[in-house]
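> Give me the fold of what follows.
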Amino acid sequence: MTRQIKSIGKSSNRAEGPSPAAAYVRMSTDHQKYSTENQLDTIRRYAEQRGYTIVRIFEDSGRSGLRMDGRAGLKSLMQEVQSGSANFQAILVYDVSRWGRFQDADEGAYHEHVCSRAGIRVHYCGEQFDNDGSMGSILLKNVKRVMAGEYSRELSVKVFAGQCRLIEHGFRQGGPAGFGLRRLLIDEGRNPKGELGRGDRKSLQTDRVVLTPGPLEEIEHVHSIYSMFVEEAKSEREIALELNRRGILSDLGRPWTRASIHQILTNEKYIGNNIFNRVSYKLKQRRVVNRRDTWVRADGVFPSIVDRALFERARAIIDQRGNHYSDEELLSLLQTVLEQEGSLSGLIIDERDGMPSSSLYRHRFGSLVRAYSLIGYEPDRDYRYIEINRHIREAFPGLLAEVVAGLESAGATVVCDPVSHLLSINGEFTASIVLARSFETQAGALRWQIRFDTGLAPDVTVAVRLDRSNERPLDFYILPSIDMNASRIRMAENNALSLDAYRFESLSFLYSMAAQTSFREAA
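Residues are numbered from 1 along each chain as shown. I've put the predicted structure just below:
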């Protein structure tokens, strides 16, 4: 959102007159009612003191700073800067975190660099440093960027832990209730306060939401769905057609589909179970379908509207239905859908007649992406990180064995903890092996993040940086814990000399350390 204004603030007594500037303000949630006003007060005082006249205000209200997506104000600002149509010479922002809490600190730096390249300087009006390009300001600014991103990461961990705790206590965490169910608002004493309509939210922090049976008519339709599926052997598609013929609409007020019927037949909330963390979308990064063993659940915490035995019979039919397909048949069916639809997704698969559900493909092949790759299909979205992480997990034992073998060939005695994989070398020092995947910034540069096993307190961390493909080691960093004070560090392709002093093309230095301690022990 942008606002065009004539003038805000007085200019200082400068002969050349005030310089035009744009203000950018952002608040994360709609609950921060006065946040942007407070930011603008500080920005106006800064403009008055520094001789700027604010001619434009770009605003993102109720928008997270984790990504550019959804931030129309910042996007509009950057478009004007890049197009050369900007009628201002500076951008005034309250602080570094308002510019963004990007998880890659270099992303915030990149957007600022674009402005600087266009001759427009970004000023952080509420910070204790001038963004003047000096060494001190550069260091403080980078620290602030990392801190802004770290704040979001830490908050995400705390929120997730709190959500899991509430799930275990039987409270609902977001999402519509579903057909045949309703959301019930209760107070901290679990006393009912009333049903919540679609789109309604609780207003008190101490209130909670649980699921409760909906109208009797809807419950009867749910029973009918299970009866048609289990006792009459009708498919989800046939059940959907029958309900649509009767003029019965789904909880969304839409006609029924194969997928919406399948959801009712497989969702455990209909037998009173509370399930959470089936899908993750943390820090607005990529959406991940989690393994069943990572789900958070509480059984029997809601009133059941479907008999458990009937639910289990329905699930057994669905499971058995997929068992008679061989892997080759599943892939052949997937290939046919691709040829007819031109693309693939879980929704497309679930809506096809004669197709097993997308959940079967995930169970059989590990993920939909893996199934897609087996028929030569690459989705538009980039899911490579899933395969990269899998490759890293698979490669680690081999690398660990190689390091142990190299140490032993150097004459060292090595004990490897089977759980933590911490290496004890000659009883003299301990070492931890860390694989660091590479990732690209928007500018195409490579970055790595090294996480230290602070809980293990190793004397030395061997950080193995992977190459651009994340398939082979690029180089090695031997990092003594005595010199590393942070729990993680970020690396660029070229780092400070003090850091590159620990860089090696091979593990020969570690082997040399082991040989020296082995020699002292023998002596």
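
> Heading C-terminal from the helix or strand of the chain with the lowest mean pLDDT, find the next helix or strand.
Least confident helix or strand, the chain: strand 2-4 with a mean of 54, by mean pLDDT, DSSP states H and E. On the C-terminal side of strand 2-4, the closest following helix or strand by DSSP states H and E is strand 19-26.

> other SSEs contacting that following strand?
Strand 19-26 makes packing contacts with helix 35-50, strand 52-60, helix 72-83, strand 90-93, helix 96-99 when contacts are defined by 3 or more C-beta pairs under 8 Å, 6 or more residues apart in numbering; DSSP states H and E. Where you see a C-beta, it was placed from the backbone N, CA and C, and this is true even at glycine.

> nearest to residue 110, of the ones you listed?
Set against residue 110 and scored by C-beta to C-beta, these come closest in helix 72-83, at 10.4 Å.

> Show me what counts as buried in the closest one.
For helix 72-83, burial by neighbour count (16 or more other C-beta atoms under 10 Å) applies to 73-74, 76-78, 80-81.

> Same check on stretch 237-247?
237-243.

> Over to stretch 435-444?
The neighbour-count check on stretch 435-444 (16+ other C-beta under 10 Å) flags 435-438 as buried.

> Same list, the residues you listed, but as a markdown table with secondary structure, pLDDT and distance to residue 87 please.
Formatted as a markdown table, the buried residues of stretch 435-444 follow (DSSP: H, G, I helix; E, B strand; the rest coil; pLDDT from 0 to 100; distance: C-beta to C-beta, whole Å):
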| residue | secondary structure | pLDDT | distance to residue 87 |
| --- | --- | --- | --- |
| 435 | strand | 87 | 49 |
| 436 | strand | 87 | 44 |
| 437 | coil | 85 | 43 |
| 438 | strand | 86 | 40 |
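
> what's the closest of the residues you listed to residue 255?
Among the buried residues of stretch 435-444, and counting by C-beta to C-beta, the member closest to residue 255 is residue 437, at 44.9 Å.

> what residue ranges in the stretch 151-300 of the chain score low on pLDDT?
For the stretch 151-300 of the chain, the stretches with pLDDT under 70 are 278-293.

> would you list every one of the helices in it?
Using DSSP state H, counting those that start in this stretch, the helices of the stretch 151-300 of the chain run over 216-230, 236-245, 258-266.

> Buried deepest among these, which one?
Among these, helix 258-266 has the highest mean neighbour count (mean count of other C-beta atoms under 10 Å), at a mean of 20.

> Extract the C-alpha trace of that helix and format it as PDB.
Extracted C-alpha coordinates of helix 258-266, given in PDB (Å, rounded to 0.1, in the frame of the first residue of the first chain):
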ATOM      1  CA  ARG A 258     -14.200 -37.500  -4.600                       C
ATOM      2  CA  ALA A 259     -11.500 -35.800  -2.400                       C
ATOM      3  CA  SER A 260     -13.900 -34.300   0.100                       C
ATOM      4  CA  ILE A 261     -15.600 -37.600   0.600                       C
ATOM      5  CA  HIS A 262     -12.200 -39.300   1.000                       C
ATOM      6  CA  GLN A 263     -11.300 -36.700   3.600                       C
ATOM      7  CA  ILE A 264     -14.300 -37.600   5.700                       C
ATOM      8  CA  LEU A 265     -13.500 -41.300   5.500                       C
ATOM      9  CA  THR A 266      -9.900 -40.900   6.600                       C
END
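
> same for it, what does it pack against?
If you count contacts as 3+ C-beta pairs under 8 Å, 6+ apart, helix 258-266 packs onto helix 216-230, helix 236-245, helix 308-323, helix 346-350.

> Contacts for it, please.
178-180, 222, 225-226, 229, 235-237, 239-240, 243, 250, 270, 314-315, 318, 347, 350-353, 357, 359 (C-beta atoms under 8 Å, 6 or more residues apart in numbering).

> hmm, back to that, possible to save the helices of the stretch 151-300 of the chain as TSV with distance to residue 58?
Below are those laid out as TSV (distance: least, C-beta to C-beta, whole Å):
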stretch	distance to residue 58
helix 216-230	46
helix 236-245	47
helix 258-266	40
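
> closest one to residue 63 among the ones you listed?
Going by C-beta to C-beta, the one of the helices of the stretch 151-300 of the chain nearest residue 63 is helix 258-266, 30.7 Å.

> now the closest one against helix 236-245, angle please.
In terms of direction (axes from the mean of the first three to the mean of the last three C-alpha atoms, to 10 degrees), helix 258-266 departs from helix 236-245 by 110 degrees.

> Off-centre distance for helix 258-266?
How far helix 258-266 lies from its chain's middle: 27 Å, per C-alpha atoms, centre = their mean, to the nearest Å.

> now swap in stretch 204-223 and tell me
Using C-alpha atoms, centre = their mean, the offset of stretch 204-223 from its chain centre is 30 Å.

> Mind listing residues that contact that stretch?
For stretch 204-223, the external contacting residues (C-beta under 8 Å, 6+ apart) are 166, 170-172, 177, 179-188, 190, 193, 195-196, 202, 243, 248, 251, 264, 269-270, 274, 301-303, 305-306.

> In the stretch 401-523 of the chain, where is pLDDT below threshold?
442-443, 454-455, 497-498, 516-523.

> Can you show me the strands along it?
For the stretch 401-523 of the chain, the strands defined by DSSP state E, counting those that start in this stretch occupy 414-416, 423-425, 429-436, 438-440, 446-451, 460-466, 473-480, 488-492, 503-504.

> Identify the residues contacting stretch 152-171?
Under the contact criterion C-beta under 8 Å, 6+ apart, stretch 152-171 has outside partners 65-66, 101, 103, 173, 208-210, 274, 276-277, 282-283, 296-298, 301-302.

> just the buried members of these?
65-66, 101, 103, 208-210, 274, 276, 282-283, 296-298, 301-302.

> which ones among those residues are found in strands?
Here DSSP state E is the test, and the buried ones among the contacts of stretch 152-171 give 208-210, 274, 276, 296-298 as lying in strands.

> how long is stretch 465-477 end to end?
One end of stretch 465-477 sits 8 Å from the other (C-alpha to C-alpha, to the nearest Å).

> Oops, could you answer that again for stretch 204-221 instead?
With C-alpha to C-alpha, one end of stretch 204-221 sits 34 Å from the other.

> again with stretch 18-37
Distance between the boundary residues of stretch 18-37 (C-alpha to C-alpha) amounts to 23 Å.

> Residues contacting it, please?
With contact meaning C-beta under 8 Å, 6+ apart, stretch 18-37 is reached by 8, 11-12, 39-40, 43, 47, 51-65, 71, 73-74, 77, 86-94, 98-99, 123.

> Report the buried members of those.
8, 11, 39-40, 43, 47, 51-61, 63-65, 71, 73-74, 77, 86, 88, 90-94, 98-99, 123.

> Residue 334: what's it in contact with?
Residues near residue 334 by C-beta under 8 Å, 6+ apart: 344, 349, 361, 371-372, 375.

> Quick one: residues contacting residue 105.
Residue 105 makes contact with 142, 145-146, 149, 490, according to C-beta under 8 Å, 6+ apart.

> Next, check these against the strands and list the overlap.
Per DSSP E, strands hold the following members of the contacts of residue 105: residue 490.

> Farthest-apart pair in the contacts of residue 105, please.
Using C-beta to C-beta, the two most remote members of these are 142 and 149, lying 11.1 Å apart.

> These two: who's more crowded?
Using other C-beta atoms under 10 Å, the more surrounded residue of residue 142 and residue 149 is residue 149, with 22 against 16.
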